[in-house]
Each structure stands twice: as structure tokens, then as C-alpha cells.
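Asks: using only what follows, build the 3D model:
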Amino acid sequence: MVEIPPVPYRPDPAGGCPHADNARLLARGAVAPVVLPGGVEGMAVLGHEALREFLQHPGVAKDARHFTQLREGRVPAGWPLLTFATVRGMTTADGTDHRRLRGLVSRAFTPRRVEELRPRIEVLTETLLDDLERAAAADGDGVADLRRHFALPLPLGVIGELLGVEAEFRDKLHHLTNQVVATDIGPDEAVAANRELVGVLAAVAAARAEHPGDDLTSALIAARDEDGDRLGQEELIGTLVLMIIAGHETTLNLITNAVRALCGHRDQLELVRRGDASWADVVEETLRWDAPVSYFPFRYPVRDLTVDGTVIPAGTPVLAGYSAAGRDPAAHGADADRFDVTRPGRPDAVRHLSLGHGAHYCLGAPLARLEATVALQRLFDRFPALDLAVPEGRLARQASFVGNSVRALPVRPRPRPRG
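Replies: Prediction:
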């Protein structure tokens, strides 16, 4: 009998909820062939154990010089995923280069430094909750977009302050980074967005060079100027691109998805209110159940690599299927689709892979967890009856198969009675 190869999966460039497709693909195996926009052939690793193995495998690289189709000129101009492959920074570096770049920014994200940010995060959270309440009061139906008024400006404000990005640049940077992670964008738009993003961040860097402050951008510029071998100008801008995107898009989706999950599972919210689970449990279960990043580009085997019985040829661009791994029944049980904040931890202590694994584990994970925990606790303390203003099924999804969330989250924030 001749074995018929599986039909490659084509992720929808317009995004959409990934979970039904993930379940179908996982039923066939932990690794799946994919066809990306522009006809670029790749693979996705979907199963929890397979992805864990792949993310830490020494024969897997991040540097795009290993990307065969790109090296041979077979990737179309204006490819919407090109920035993920070619930006110069931690997420596209290997070995000593990766350790050098990571070392330059890691001091800003130590547990101690992150905990020092807690008071500022709490103050900003309360201010944004005021804004959310005012926005709802100004609406005839008492509805406000929680994503716009709360989930976005919190992480964007925090990472903006960390990087020394003036407030006037932040909305523009969010708009541009949103286009960078979009997968339904046309070639001309993709090129223009990347060019403008680099221009804005170059202006931010120039301002910090002229007026240095106690921020990460100023520290990176000092490292560049003191020793050009430690950080080149292209790496500086690339690092800022990555920090802006990773520093707010992931947390934005995490907060949004957690609120959606709790509004759809009031029994789980009640468990937290009774003290039978913590807000940290909510954050971890959201990361597993509805990962803020669905398919993250890219990694490349440096030689033919067999993962869970499937050969991934050398130089293939591989997506990390975080949203699929989070609901893998082989790892999380037959009820993997159920949102359960009391779900027991796995014996290996790796509850999920949604913030990465191995050398490229998310540097900002402690900050994302702190922001989300504070945000959710303060939100539901202030608005205990908060609920979605439209059914979950009517929420428009992000135009991306990279990010995993909705475009807007209309809610009715009902404050706790006074007195």
C-alpha cells in the first residue's frame, strides 16, 4: 500500500479561532506540514512533548541564514512574515550572539527589577480602570472596549516607560507592530509598515542618545557607543522592535483572553473569589487554554530532524504551535479543552509552553505575569459583575495566525455598589 502524505495545512491569513483546526491536526500527529502565505512551505510542531523537544533541540537554529527558501530567493518580496525571519535581535540569533544580546537586556527583567515595577503597574491599572468606567458611562448602553481602554494601554505604557519611549510615539508603535504581526497584509503595506516602524524607533533611539535617561534604550545605546562590537545599530533597532512587540502584544492578548475565559466560565471566577484558586492560577490556565500566541515563526533545523516520527528537512521554516500544544490531550488529558483554574500541575512542572522553552524562553515572562495578575485582580475587584456585551461567537478575531485573540472586547463594567 502506498502511503498518501497528509495535505498541508494552510493557516488562514485572516486569522480566526485556532482551536478546531488544532484539534483536527493533532488527531493526525504532533507535526504537520503547512503552506504559508506566498506559497512558502514549512512545518508546524503542535504536540506538547514534540514542541518541548523541538524548542530545546541543539540542532535547531533561529538565524535566517538557515532558511533555505529565503537563502535561495524563493520567498516573495513583501512577504508578511519576513520581519520574524530577518529582524536582527535575540529572537533571530543563536549561540554566542544570542547570549550577548540577551545579556544586554536581561538585567531589566530580573525578578527583583520586575517586582520593583509593581507599584507603578498598580497605579497605572487604577488609572486605566477609571478610564474604562468613564468610557462605559459615556456610552448609551454602558459598553466599553476593554481591549482598547485597559488591556492595551497597560502593557504598552509599562514597556514604553522601560524603553524610554515618549507617550506620543506609543499609539503609532502599537499600530505599526500590529501590522507587523498581521498575516493578511499585502506586500506593499508590509514593506511600508516595516520601514515606518524602523524609522519611528530610530527617532526614539536618536532622542535617547541626545537626552539619555534611566531606561533600557539609553543603556543599549551606551553599550553600543562604548563597545561597537557588543551592539551594532541594526541590532539596536532590531532589539527595540522585538521588545516593543513582545513587550505588549503578548500581554495584551493574555489579559483579553483571560477576561473572555472568566466571563464565559463564571464558576471558575467564583473559585478565585472564594480563595480556592489564585489570580496566578487564572493567568497560567489562560496561557495554556488560550495561548496569546498561536503559531510563532520561526525555527530551522540545521540538518534533517525527526520529531515524533516526522522528518523535518534541514532549512525548513517551522512554526511553534503554542495554542495547539496547550490543548494537547496527550499532555493535558481528555479534558484539555476545559478551562479549569484548579487544574493540577504536570509531573514535569511544565504546565504549558506558551512563553517558550529552552534558551529562547521569554525574557519578559515575569513582567507579563505580574501585569496580567494585577490587571485581573483589580479589574474584577472593581467590577465584580463585569461581563461581555456581545456573545463570544460574535467577537471579531485578530487578522493573524500568529497572535491569538480578538480585535475588540466590548464589556459592561458594573462597579461594586458603594456604601
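
Asks: measure the closest residue to Asp337 other than its chain neighbours to Arg394 for me?
Replies: Nearest residue to Asp337, sequence neighbours excluded (CB to CB, 6 or more residues apart in numbering): Arg327, at 5.8 Å. For glycine as for every other residue, the C-beta is placed from the backbone atoms N, C-alpha and C. Arg327 is 23 Å from Arg394, where distance means CB to CB, to the nearest Å.

Asks: could you check which of those two has the larger neighbour count?
Replies: Arg327 (24 against 10; other CB atoms under 10 Å).

Asks: mind listing what's buried along the one helix or strand Thr125 maps to?
Replies: Assigned by DSSP states H and E, Thr125 falls within helix 118-138. Across helix 118-138, burial judged by 16 or more other CB atoms under 10 Å covers 121, 124-125, 128-129, 132-133, 135-136.

Asks: what about the strands in this structure?
Replies: With DSSP state E, the ranges of strands along the chain come out as 31-36, 40-45, 60-61, 144-145, 295-301, 305-307, 310-312, 318-321, 387-388, 410-412.

Asks: select, out of the ones you listed, the one closest to Gly358.
Replies: Closest to Gly358 of the strands of the chain, according to CB to CB: strand 60-61, at 9.0 Å.

Asks: what is the least confident helix or strand in the protein?
Replies: helix 216-226 (a mean of 83; mean pLDDT, DSSP states H and E).

Asks: elements contacting it?
Replies: Contacts defined by 3 or more CB pairs under 8 Å, 6 or more residues apart in numbering; DSSP states H and E place helix 216-226 against helix 95-106, helix 153-163, helix 187-210, helix 233-264.

Asks: so where's the protein uncertain?
Replies: For the chain, the stretches with pLDDT under 70 are 1-5, 227-229, 346-349, 416-419.

Asks: how near is the residue nearest in space to the middle of the chain to Ala375?
Replies: The chain has Thr250 as the residue nearest its centroid, 3.1 Å off, counting by CA atoms, centre = their mean. Remark: distance between Thr250 and Ala375 (CB to CB) = 13 Å.

Asks: also Thr125?
Replies: Counting by CB to CB, the gap from Thr125 to Ala375 is 6 Å.

Asks: swap in Gly333?
Replies: 29 Å.

Asks: check Leu46 too.
Replies: 29 Å.

Asks: for Ala261, same thing?
Replies: 14 Å.

Asks: more neighbours: these two, which one.
Replies: Ala375 (27 against 19).

Asks: which residues touch the nearest residue to the more buried one once chain neighbours are set aside?
Replies: Leaving aside its sequence neighbours, Ala375 sits nearest to Ile255 (CB to CB, 6+ apart; 5.2 Å). Counting by CB atoms under 8 Å, 6 or more residues apart in numbering, Ile255 touches 150-151, 154-155, 371-372, 375-376.

Asks: Met43 versus Leu305, what's the distance?
Replies: 10 Å.

Asks: so what sits against both of the two?
Replies: Ile312.

Asks: so between these two, which is more surrounded?
Replies: Between Leu305 and Met43, Met43 has the larger neighbour count (other CB under 10 Å), namely 25 against 20.

Asks: so what's that one up against?
Replies: 31-34, 310, 312, 316-319 are the contacts of Met43 under CB under 8 Å, 6+ apart.

Asks: got these as a markdown table, with neighbour count and distance to Ala50 columns?
Replies: Listed next are the contacts of Met43 as a markdown table, based on neighbours: other CB atoms under 10 Å; distance: CB to CB, whole Å:
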| residue | neighbour count | distance to Ala50 |
| --- | --- | --- |
| Val31 | 24 | 6 |
| Ala32 | 25 | 11 |
| Pro33 | 16 | 14 |
| Val34 | 21 | 15 |
| Thr310 | 16 | 8 |
| Ile312 | 23 | 10 |
| Thr316 | 22 | 15 |
| Pro317 | 25 | 17 |
| Val318 | 24 | 11 |
| Leu319 | 26 | 13 |
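
Asks: just those now: which is nearest Thr68?
Replies: Distances from Thr68 to these, taken by CB to CB, are shortest for Thr316, at 7.2 Å.

Asks: was I right about that closest one contacting Gly42?
Replies: Yes: using CB atoms under 8 Å, Thr316 makes contact with Gly42 at a distance of 5.9 Å.

Asks: just give the nearest non-adjacent residue to Lys172, would you?
Replies: Using CB to CB, 6+ apart, the closest residue to Lys172 is Val200 (6.0 Å).

Asks: burial check on that neighbour, number of neighbours?
Replies: So Val200, with other CB under 10 Å, has 18 neighbours.

Asks: cool, and Glu226?
Replies: Residues near Glu226, counting by other CB under 10 Å: 10.

Asks: same question for Asp340.
Replies: With other CB under 10 Å as criterion, Asp340 counts 19.
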